[in-house]
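**Student:** sequence first, then the predicted structure:
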Amino acid sequence: MQEVDEATVRRIARLARLEITDADAGSLKSELNAILKWVEQLSAVDTKGVEAMTRVVSMRMKQRDDVVTDGEMAADIVKNAPMAEDNFFVVPKVVE
Amino acid sequence: MPATPRPAPVSARLQGATGPWELVIGLEVHAQVASNAKLFSGASTGFGAPPNSHVSLVDAAMPGMLPVINKECVAQAIRTGLGLKAQINLMSTFDRKNYFYPDLPQGYQISQFKQPVVGEGVVVLDMADGEIEVGIERLHLEQDAGKSLHDQHPDYSYVDLNRSGVALMEIVSKPDMRSAEEAKAYVTKLRTILRYLGTCDGDMEKGNLRADVNVSVRRPGEPFGTRCEIKNVNSIRFIGQAIEAEARRQIDIKEDGGAIVQETRLYDPNKGETRSMRSKEEAHDYRYFPDPDLLPLEFTQSYVDGLAKGLPELPDAKRARFIKDGLSPYDASVLVAEKANADFFELVAKDRDGKMSANWVINELFGRLNKEGLDVGASPMSAKQLGGIIDLIASGSISGKIAKDLFEIVWTEGGDPARLVEERGLKQVTDLGAIEKAVDDIIAANPDKVEQVKLKPTALGWFVGAVMKSTGGKANPAAVNEILKKKLGIV
């Protein structure tokens, strides 16, 4: 198993938009490696010829008819937003 | 898919300072699925609604909300796959594509990465120098993102999630195109097929069809070069311009001894150039994984067969049928480009001469519609009225010239062509006695012209014109010609 290093921890954190301190990075590295080591046990099982598991119970995906049944509650949708105006979410400027 | 990638036609090569270059182009087209509700929620897909009014708690990614798939969106993807003569996968799965952006509240887009609903297919393009096949790599279902407005405030962006969660079909081509012309023809053809199928309205102005364009250049005969991806180009014209600009940029770099860096770029139509989207580079680490909220998408072959039975005749088949019925390949292509146009033509051509109907539909009606900026759905003249005019020409009741006048009258005033001809006395004069009298009058009044025509028989045209004028354009031109020749002694 490949060990996770601190640089990888920082990279994952950045991709997840999490701000972590150097101390966090060190302890998260240990935790992640422990988790990966635990999951690593699975590789002991021989899965040759076994189809990938896509469900834990034998059931088919539920499907919906193409009917509008939801929406029209803009005020509720933005209610918890830190900032909103005229039912828009307002966020720090993001522009290319 | 040919084993060796098709070389570019010599005419499509771009000339650099150090010799010719070939383009290699592949496209990812995002087509909005025509449906009432979103892919995984019951909110409306309607365009132009007030901000965040077409948003459910699922679309807003509120905790604990679960996606439930819209079966019509699946059917639309299957229909599209069938229209692209593609492999339909009876089992496919959904994955999460992770990235953070304010217009994507889930923090991931539900997409199909490992097992798409549609596999390999093909689109045939009619280019000036023959047919080209562009391979389809795959078609998968995914969610659209919301819309950010950046011009409302100096420090903030405004986010509207109405489009968030609307179903998209991402249609990925193989790198089979070799020029901007071919890429434009591909998007045009794909759009036509989607519109025939009714699976996407193809409205590029609303962003319902947009393309990511992959471009690379190579020396003729060389393997593929490093490519750049131009994101989100939203008109066919801009797709062509973006490819030309990007190819030129890459050729300049290579000719100066540089190397192309694989990256995402944006096309700026005002400057006519592409520029790097540096902020997107890191986002390429999407960390796909199977979406645990969604079971595999499964359906039976008989379900697919049922959908196949309900498909309309597609443009290639329609075009072939029109050509078989006597139309020129060019006329057939013009007519099938839009289904509504082809339908109108078929109403006009029913039980009438196909070639003549095509001429009137394309040259007169479409010409006029174009001039007025109307599409065929808004035509003030019905197929029945235009057919009526054609019947009057075919039966010899009116001359071709009068037919054009009649077209004008029907266009502006409406009415039944046959009745208009009766009421306004537009009927062609086939009564030889009446024509003969008109001819005699003209000859008697113009002795000088009679002398001229004896020396120069081509001056006959003047007499034909004069007789037609004196009969208000109603005389049968063939009869006028014959009688004139006889009376003037021209063989």
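**Tutor:** Looks like it arrived, so ask away.

**Student:** number of residues surrounding B:Leu82?
**Tutor:** When neighbours are counted by other CB atoms under 10 Å in any protein chain shown, B:Leu82 registers 21. Every residue, glycine included, has its C-beta placed from N, CA and C.

**Student:** contact partners for it?
**Tutor:** By CB atoms under 8 Å, 6 or more residues apart in numbering or on different chains, the contact list for B:Leu82 reads B:88, B:304, B:307-308, B:311.

**Student:** got a winner among those residues for most neighbours?
**Tutor:** B:Ile88 (21 neighbours).

**Student:** correct me, but that residue touches B:Ile78?
**Tutor:** Yes. Between B:Ile88 and B:Ile78 a contact is recorded at 5.8 Å, counting by CB atoms under 8 Å.

**Student:** overlap in contacts, the two.
**Tutor:** The overlap between the contact sets of B:Ile88 and B:Ile78 (CB under 8 Å, 6+ apart) consists of B:117-118, B:304.

**Student:** just name the closest of the residues you listed to B:Glu28, please.
**Tutor:** Nearest to B:Glu28 among the shared contacts of B:Ile88 and B:Ile78: B:Val118, at 13.8 Å, using CB to CB.

**Student:** got a pLDDT number for the closest one?
**Tutor:** Listed pLDDT for B:Val118 reads 98.

**Student:** longest helix in the chain, by residue count?
**Tutor:** Answering for chain A, as no chain was given. If you go by DSSP state H, chain A has its longest helix at helix A:22-40.

**Student:** should've been chain B
**Tutor:** Chain B, longest helix under DSSP H: helix B:236-255.

**Student:** is the helix or strand following it in proximity to chain A?
**Tutor:** Next helix or strand after helix B:236-255 toward the C-terminus (DSSP states H and E): strand B:264-268. Yes. Counting by CB under 8 Å from any CB of the partner chain, chain A has neighbours in strand B:264-268: B:Leu266.

**Student:** just how off-centre is strand B:264-268 within its chain?
**Tutor:** In this view, strand B:264-268 has its centroid 24 Å away from the chain centroid, taken as CA atoms, centre = their mean, to the nearest Å.

**Student:** who touches the next helix or strand after that strand?
**Tutor:** Note on strand B:264-268: by DSSP H and E, the next helix or strand toward the C-terminus is strand B:273-276. With CB under 8 Å, 6+ apart as the test, strand B:273-276 has contacts from B:228, B:230, B:242, B:245-246, B:249, B:263-268.

**Student:** now with 6 Å?
**Tutor:** By CB atoms under 6 Å, 6 or more residues apart in numbering or on different chains, the residues outside strand B:273-276 that reach it are B:230, B:245-246, B:263, B:265-267.

**Student:** check stretch B:437-447 too.
**Tutor:** Contacts for stretch B:437-447 (CB under 6 Å, 6+ apart): B:450, B:466-467, B:470-471, B:483-484, B:487.

**Student:** apply 8 Å and report the result again.
**Tutor:** Residues contacting stretch B:437-447 (CB under 8 Å, 6+ apart): B:450, B:463, B:466-467, B:470-471, B:475, B:480, B:483-484, B:487-488.

**Student:** hmm, back to that, looking at the shared contacts of B:Ile88 and B:Ile78, which is nearest chain A?
**Tutor:** Distances from the shared contacts of B:Ile88 and B:Ile78 to chain A were compared by CB to the nearest CB; the smallest belongs to B:Val117, at 12.5 Å.

**Student:** how much space between the closest one and B:Gly42?
**Tutor:** Per CB to CB, to the nearest Å, B:Val117 is found 21 Å from B:Gly42.

**Student:** neighbour count: these two, which is higher?
**Tutor:** Remark: of B:Val117 and B:Gly42, B:Val117 carries more neighbours, 25 against 20, as counted by other CB under 10 Å.

**Student:** ok, now which ones touch the more buried one?
**Tutor:** B:74, B:77-78, B:81, B:88-89, B:92, B:139-141, B:297.

**Student:** quick check: chain neighbours aside, which residue is closest to it?
**Tutor:** Counting by CB to CB, 6 or more residues apart in numbering or on different chains, the nearest residue to B:Val117 once its immediate chain neighbours are dropped is B:Ser92, at 4.4 Å.

**Student:** go on, B:Ile69?
**Tutor:** Once flanking residues are discounted, B:Ile69 sits nearest to A:Gln63: 5.4 Å by CB to CB, 6+ apart.

**Student:** same check, this time on B:Ile25
**Tutor:** Excluding the flanking residues, the one nearest B:Ile25 by CB to CB, 6+ apart is B:Met177, at 4.0 Å.

**Student:** point out where chain A drops to low pLDDT.
**Tutor:** Scanning chain A with the threshold set as pLDDT under 70 gives A:1, A:96.

**Student:** wait, does the top strand by length along it make contact with chain B?
**Tutor:** When chain A is parsed with DSSP state E, its longest strand is strand A:88-92. Yes. Strand A:88-92 reaches chain B (CB under 8 Å from any CB) through A:88-92.

**Student:** which of the contacts of B:Val117 lies closest to chain A?
**Tutor:** For those, the nearest to chain A is B:Leu297 (6.2 Å; CB to the nearest CB).

**Student:** so which residues of the stretch 51-200 of chain B form strands?
**Tutor:** B:69-70, B:91-92, B:95-98, B:108-111, B:121-127, B:130-143, B:147-149, B:156-160, B:167-173 (DSSP state E, counting those that start in this stretch).

**Student:** adding mean pLDDT and mean neighbour count, write those strands out as TSV.
**Tutor:** Below are the strands of the stretch 51-200 of chain B laid out as TSV (pLDDT from 0 to 100; neighbours: other CB atoms under 10 Å in any protein chain shown):
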stretch	mean pLDDT	mean neighbour count
strand B:69-70	98	24
strand B:91-92	96	16
strand B:95-98	95	20
strand B:108-111	97	20
strand B:121-127	95	17
strand B:130-143	96	20
strand B:147-149	93	16
strand B:156-160	96	22
strand B:167-173	98	24
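
**Student:** can you give me the buried ones in the helix or strand where B:Ile409 lies?
**Tutor:** Secondary structure assignment for B:Ile409, by DSSP H and E: helix B:400-413. Using 16 or more other CB atoms under 10 Å in any protein chain shown as the test for burial, helix B:400-413 gives B:402-403, B:406-407, B:409-411.

**Student:** over to stretch B:199-212?
**Tutor:** So stretch B:199-212, judged by 16+ other CB under 10 Å, has buried residues B:199-202, B:204, B:208-212.

**Student:** which of these sits closest to chain A?
**Tutor:** Chain A lies nearest to B:Thr199 out of those, by CB to the nearest CB, at 12.5 Å.

**Student:** so who does that closest one touch?
**Tutor:** Counting by CB under 8 Å, 6+ apart, B:Thr199 touches B:31, B:33-34, B:76-77, B:79-80, B:83, B:169.

**Student:** could you find the closest non-adjacent residue to B:Ser357?
**Tutor:** Nearest non-adjacent residue to B:Ser357 (CB to CB, 6+ apart): B:Ala349, at 3.9 Å.

**Student:** number of nearby residues for that neighbour?
**Tutor:** Counted with other CB under 10 Å, the neighbours of B:Ala349 add up to 24.

**Student:** so which of the contacts of stretch B:437-447 belong to strands?
**Tutor:** Per DSSP E, the contacts of stretch B:437-447 never map to strands.

**Student:** so for the residue sitting furthest away from the middle of chain A, what's the nearest residue that isn't a sequence neighbour?
**Tutor:** In chain A, counting by CA atoms, centre = their mean, A:Asp86 sits farthest out from the average C-alpha position, at 30.1 Å. Nearest residue to A:Asp86, sequence neighbours excluded (CB to CB, 6+ apart): B:Pro51, at 6.5 Å.

**Student:** gap between that neighbour and A:Glu72?
**Tutor:** 12 Å.

**Student:** over to B:Ile409?
**Tutor:** 50 Å.

**Student:** who in the stretch 201-350 of chain B is up against chain A?
**Tutor:** B:266, B:277, B:279, B:282, B:285, B:287, B:290, B:294-298.

**Student:** check which residues of the longest helix of chain A are buried.
**Tutor:** By 16+ other CB under 10 Å, the buried positions in helix A:22-40 come out as A:25, A:28-29, A:33.
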